[in-house]
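**Student:** Fold the following.
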Amino acid sequence: MKFSVIVTLKKDVLDPQGKVVENTLRNIGMEDLKSVRQGKYFEIEINIGDPKKAEKKVDDMCKKLLANLVIEDYKVCKI
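**Tutor:** Okay, the predicted model is just below:
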């Protein structure tokens, strides 16, 4: 079973890397750009047949390692 995990900074957390990308894009002519926030993307394949158990296992991975729950949010999707 395969899942995607998207980890993003919480809305109230400053994103200096996103700001650098945003400023660079504006400097190369992308004036219509509103904002950029940077995050992390993971594809996880897991050998659990039960979809609910598999998603729970991936959720545990996020909570324990993939996301810093103090400053980041995450979303798990089956793909």
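
**Student:** where do the strands sit along the protein?
**Tutor:** Under the criterion DSSP state E, the chain contains strands at 2-9, 39-45, 72-78.

**Student:** Contacts made by the last one with the rest, please.
**Tutor:** When you say that, I think you mean strand 72-78. 1-10, 13, 51, 55, 58-59, 62, 66-67 (C-beta atoms under 8 Å, 6 or more residues apart in numbering). Every residue, glycine included, has its C-beta placed from N, CA and C.

**Student:** Make a PyMOL selection of whichever of those turn out to be buried.
**Tutor:** Buried residues within the contacts of strand 72-78, by 16 or more other C-beta atoms under 10 Å, are selected in PyMOL with:
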select buried, resi 1+3+5+7+8+9+55+58+62+66+67
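
**Student:** distance of the residue sitting furthest away from the middle of the chain from Lys53?
**Tutor:** Taking C-alpha atoms, centre = their mean, the residue of the chain most remote from its mean C-alpha position is Gly29, at 26.8 Å. According to C-beta to C-beta, to the nearest Å, Gly29 and Lys53 sit 49 Å apart.
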